[in-house]
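**Q** could you look at this predicted model? Sequence included:
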Amino acid sequence: MSEISKVYSQYHDSLQIAHEDHEERLRAYSSSLLEEWSLYLKDFVFCFGDLFANQIKRHGIRRIAEDFFGTTDVPFVAIDGSCLCQAGTDFTSFYGGAYGSRGMVSLSGAEGKLRYMRWEFSRDVSVVAFIPVPPEFASAIVEEDEGAEGPKVFSDQELALVSSLHTKVMQLAEVYLAYTLVRGSTVESPRLVLMDNSISGMLANTSFSPWHMSLDQGDFHGITLTKADLQVGLAHPLIRELGVPTAKNFQPHFRLIAEAHWRGSRRLSKSDMPDVPMEVFRNGARFLSKDMQAGEYREIEGIFQFNFDPRESWERSLRVFDIVCQTLFRDKDPLGMTYNLQSGGRAYFTPRDIQYIIGVGLRGLIEECWRRRILLVGVVKDSNSRFFHRNYLGSVLVKRGVDPVRHLTIQLTDRMILELLGQLVEDLRSPWASLEFDGCFMTIHPEREQGSGNWILKGYDHPRLGETTRPERMFLRSLAQFLLRPDRRVASHVIFLDRLAHPGWDDVDCTPIVIQTKKFGEIRPLFYNGSKGPSRLQQLSMYLLTVLVRNHFPEALGYPDPLHKADWGAKSMRGRVTGLLESSQMAERSRPLSRTFRSIREGLRR
């Protein structure tokens, strides 16, 4: 046997052993899942197929839609993006864009069934940006590593591979497109916004300390931001009815910023805030006064006085977001990725700067959806997350006093667990989904305490902050399967849904629960289980998505058709841009740097 044949044979054996080992683990996990299903897992899964088959229930969902939207005609937009990064001989070029597919879902039928109507292609919308970055600013397009011992060195091709700027520009385009559509006239504004992204995950990725950003050095058409303004931006979104942001010992200054915003006053007194623990008020006021120089804290009197108006600060941040996006996506300004410095000159946005601007737009989008009662839903096709089974259900078991050791031995992703359940439990009929769970369980999870050995609930460890968590009572996550044939021979993938919670609805439908943590204090997430079933807005969103999942395309089974169309539009734009960016290399070759150097040398000799 030749050496190459030995390599092929060894690879074949390795592949076969890996498959057999994986299948053996799945059989073992299947037995454990069936046992969990009979004990408690069935209380957190709901079969919407049975609900939608009942005509009376469908009429009930129509009434929910009328109460929430105020109409039986629900205009929607589905948004997806695409991006590209290409390294030339001198310049590195980036493309980032988003495409929106619009339509209408009508609930006016006599039987309460939905009718799906496409809008003409000409009414679809898109935003695109092209960004050439010269070599002297190449370091600005690479994500900073705070723990690195020194600056990283890359070749031109490596720089294009490791850069995250094009993905950030794509996300900015998606958020800006959604934001502008939502803020449009009430006639054209969508009431259902679908985004091909985890919205709560995107919000988490834009929540970081502003110390390593330079936006406070910029001048945006006469608007300037301070570090304190950047903290105000991070404190949003705010909504008093849901108590967001909540008063806990993690980022306590966010609640003080929110209280000043809600009260319309720069002066905050602890005596006027009985719902805010003294420790939270004290820590938040100390941070704002000492670290941010945002005001004066008279600790003995329990009074904090802002030296600026947080409401005006937030409006300035939104205006900067609008200016940056207008310059990039509408004006297509060649200098759109740069900004004027207060000290003179210009600087390039770094990926972290763009990320923060994305966060401002996303927070503005969320608040606008609350204001106009718009359903905002993120849809993710593939994910390796384990938030539902490990974090959420594990936390429920600890809360009930049950040892979660056996539960945590199932080392499968949420998507694989639910797809396996669809094959194992014959009573499930599509569409079916997990009951929604609070987005704070992206971080809150069970862990055995060192020393005592007791199971506790805590956030994720952080090298600098010690422990972190995500805001509760803001987003509700679930997993759903929209195609499952009775014979189980054809089934779609389970998709992840990320829905914005709404006051007066999701907080009313939930079951009260308090989670006590050592680091953060009390956490009161939105909680749903089998005793009450799915919330009204989960029923409504699942019903709307069921109609939008058409299953016309083999590559998009169980996936909303408008998002698939938006994906086509985004990829079509990227296909056209690819040729454009490739042709730009010809322009670079016609103007090589050697010629520029020569002209500079000759000019100096004169």
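**A** It's in.

**Q** neighbours around A570, how many?
**A** Other residues within reach of A570, judged by other C-beta atoms under 10 Å, total 26. Just so you know, the C-beta spots here come from the backbone N, C-alpha and C atoms, and that holds for glycine as well.

**Q** now do the contacts for it.
**A** Each residue near A570 by C-beta atoms under 8 Å, 6 or more residues apart in numbering is listed here: 80-82, 97-99, 126.

**Q** return the subset of those residues lying in strands.
**A** 80-82, 97-99, 126 (DSSP state E).

**Q** now render those as CSV, adding neighbour count and pLDDT.
**A** Supplementary listing: those in CSV, determined by neighbours: other C-beta atoms under 10 Å; pLDDT from 0 to 100:
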residue, neighbour count, pLDDT
D80, 27, 94
G81, 30, 93
S82, 22, 91
G97, 25, 89
A98, 31, 91
Y99, 27, 90
S126, 19, 71
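
**Q** CSV for those residues, including distance to L537?
**A** Putting those into CSV (distance: C-beta to C-beta, whole Å) gives the following:
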residue, distance to L537
D80, 23
G81, 26
S82, 30
G97, 31
A98, 26
Y99, 27
S126, 29
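
**Q** flag the shaky bits of the stretch 401-550 of the chain, pLDDT-wise.
**A** Scanning the stretch 401-550 of the chain for pLDDT under 70 picks out nothing.

**Q** for it, just list every one of the helices.
**A** If you assign secondary structure with DSSP state H, counting those that start in this stretch, the helices in the stretch 401-550 of the chain sit at 405-408, 414-424, 506-509, 536-548.

**Q** per-residue confidence averaged over stretch 207-219?
**A** For stretch 207-219, mean pLDDT is 89.

**Q** does Q423 touch R489 like I think?
**A** No - counting by C-beta atoms under 8 Å, Q423 stays clear of R489, with 10.4 Å between them.

**Q** look at the two and report which has more neighbours.
**A** Per other C-beta under 10 Å, whichever of Q423 and R489 has more neighbours is Q423, with 12 against 6.

**Q** which non-adjacent residue is nearest that one?
**A** Using C-beta to C-beta, 6 or more residues apart in numbering and skipping residues adjacent in sequence, the residue nearest Q423 is R488, 5.5 Å away.

**Q** ditto for S200
**A** Distances taken as C-beta to C-beta, 6+ apart place F475 nearest to S200, at 3.9 Å, with adjacent residues excluded.

**Q** rewinding a little: from the ones in strands among the contacts of A570, which is closest to T468?
**A** Within the set of those, G81 lies nearest T468; the separation is 27.4 Å, counting by C-beta to C-beta.

**Q** in the sheet, who's paired with the closest one?
**A** A98 (DSSP bridges).

**Q** how about it, what does it touch?
**A** Going by C-beta under 8 Å, 6+ apart, G81 touches 96-99, 170-171, 173-174, 196, 570.

**Q** what helix or strand is C85 on?
**A** With elements taken from DSSP states H and E, the one containing C85 is strand 73-87.

**Q** between that strand and helix 536-548, how big is the angle?
**A** 70 degrees (axes from the mean of the first three to the mean of the last three C-alpha atoms, to 10 degrees).

**Q** quick one: distance of strand 73-87 to the chain centre.
**A** From the chain centre to the centre of strand 73-87 is a distance of 14 Å (C-alpha atoms, centre = their mean, to the nearest Å).

**Q** kindly report the same for stretch 562-569.
**A** Taking C-alpha atoms, centre = their mean, one finds stretch 562-569 lying 19 Å from the centre of the chain it belongs to.

**Q** list the buried residues for it?
**A** 562-567, 569 (16 or more other C-beta atoms under 10 Å).

**Q** stretch 63-81 too?
**A** The neighbour-count criterion (16+ other C-beta under 10 Å) identifies 64-65, 68-69, 74-81 as the buried residues of stretch 63-81.

**Q** from the buried residues of stretch 562-569, pick the one nearest A204.
**A** Distances from the buried residues of stretch 562-569 to A204 were compared by C-beta to C-beta; the smallest belongs to L563, at 21.7 Å.

**Q** gap between that closest one and R429?
**A** Applying C-beta to C-beta, to the nearest Å, one obtains 23 Å for the distance of L563 from R429.

**Q** one more: M104?
**A** The spacing between M104 and R429, counted by C-beta to C-beta, is 28 Å.

**Q** how many other residues sit next to I4?
**A** Other residues near I4 come to 8 when the count uses other C-beta under 10 Å.

**Q** what does T246 give?
**A** Counted with other C-beta under 10 Å, the burial measure for T246 works out to 25 neighbours.

**Q** I'd say it and R473 touch.
**A** Yes - T246 sits in contact with R473 when judged by C-beta under 8 Å, with a separation of 6.6 Å.

**Q** give me the common contacts of those two.
**A** For the pair T246 and R473, residues contacting each of them under the criterion C-beta under 8 Å, 6+ apart are R524.

**Q** the bottom helix or strand of the protein by mean pLDDT?
**A** The element with the least model confidence among the helices and strands of the chain, by mean pLDDT, DSSP states H and E, is helix 156-162, at a mean of 52.

**Q** following that helix in sequence, what is the next regular element?
**A** Using DSSP H and E, the helix or strand that directly follows helix 156-162 along the chain is helix 165-182.

**Q** next helix or strand past that next one?
**A** strand 192-195.

**Q** direction included, what does that following strand pair against?
**A** Partners of strand 192-195 in the sheet, by DSSP bridges, are strand 73-87 (parallel), strand 375-380 (parallel).

**Q** check which helices and strands the helix or strand following the last one is in contact with.
**A** Read it as strand 375-380. Beyond strand 375-380 on the C-terminal side, the first helix or strand identified by DSSP H and E is helix 394-399. Contact partners of helix 394-399 among helices and strands, from 3 or more C-beta pairs under 8 Å, 6 or more residues apart in numbering; DSSP states H and E: helix 405-408, strand 445-448, strand 455-458.

**Q** mind listing what's buried in the first one?
**A** Going by neighbour count (16+ other C-beta under 10 Å), the buried part of helix 405-408 is 407-408.

**Q** same deal with the last one?
**A** Applying a neighbour-count criterion of 16+ other C-beta under 10 Å, the buried positions in strand 455-458 are 455-458.

**Q** can you give the domain ranges for this protein?
**A** 1-33, 40-51+387-530, 72-190+192-209+350-372+560-606, 214-347 (automatic domain parsing).

**Q** for the stretch 101-250 of the chain, which spans come out with low pLDDT?
**A** Low-confidence regions of the stretch 101-250 of the chain, defined by pLDDT under 70, span residues 110-125, 134-163, 186-187.

**Q** can you pull out the helices in it?
**A** Taking DSSP H, counting those that start in this stretch as the criterion, the stretch 101-250 of the chain carries its helices at 156-162, 165-182, 199-205, 227-235.

**Q** between those helices, which one is nearest to P534?
**A** Across the helices of the stretch 101-250 of the chain, P534 has its closest neighbour in helix 199-205 (18.7 Å, C-beta to C-beta).

**Q** and the contacts of that closest one?
**A** Residues outside helix 199-205 that contact it (C-beta under 8 Å, 6+ apart) are 171, 175, 355, 358-359, 362-363, 366, 376-378, 439, 442, 470, 474-475, 477, 498, 500.

**Q** that older thread, redo the buried residues of stretch 63-81 as a markdown table? Include distance to S31.
**A** Compiled in a markdown table, the buried residues of stretch 63-81 are given as follows (distance: C-beta to C-beta, whole Å):
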| residue | distance to S31 |
| --- | --- |
| I64 | 39 |
| A65 | 42 |
| F68 | 42 |
| F69 | 45 |
| V74 | 43 |
| P75 | 47 |
| F76 | 42 |
| V77 | 44 |
| A78 | 40 |
| I79 | 42 |
| D80 | 39 |
| G81 | 42 |
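
**Q** closest one of those to E241?
**A** Sorting the buried residues of stretch 63-81 by distance to E241 puts F68 at the head of the list, at 14.9 Å, by C-beta to C-beta.

**Q** list the residues that contact the closest one.
**A** Applying C-beta under 8 Å, 6+ apart, one finds that F68 lies in contact with 373, 375, 502, 505, 536-537, 540.
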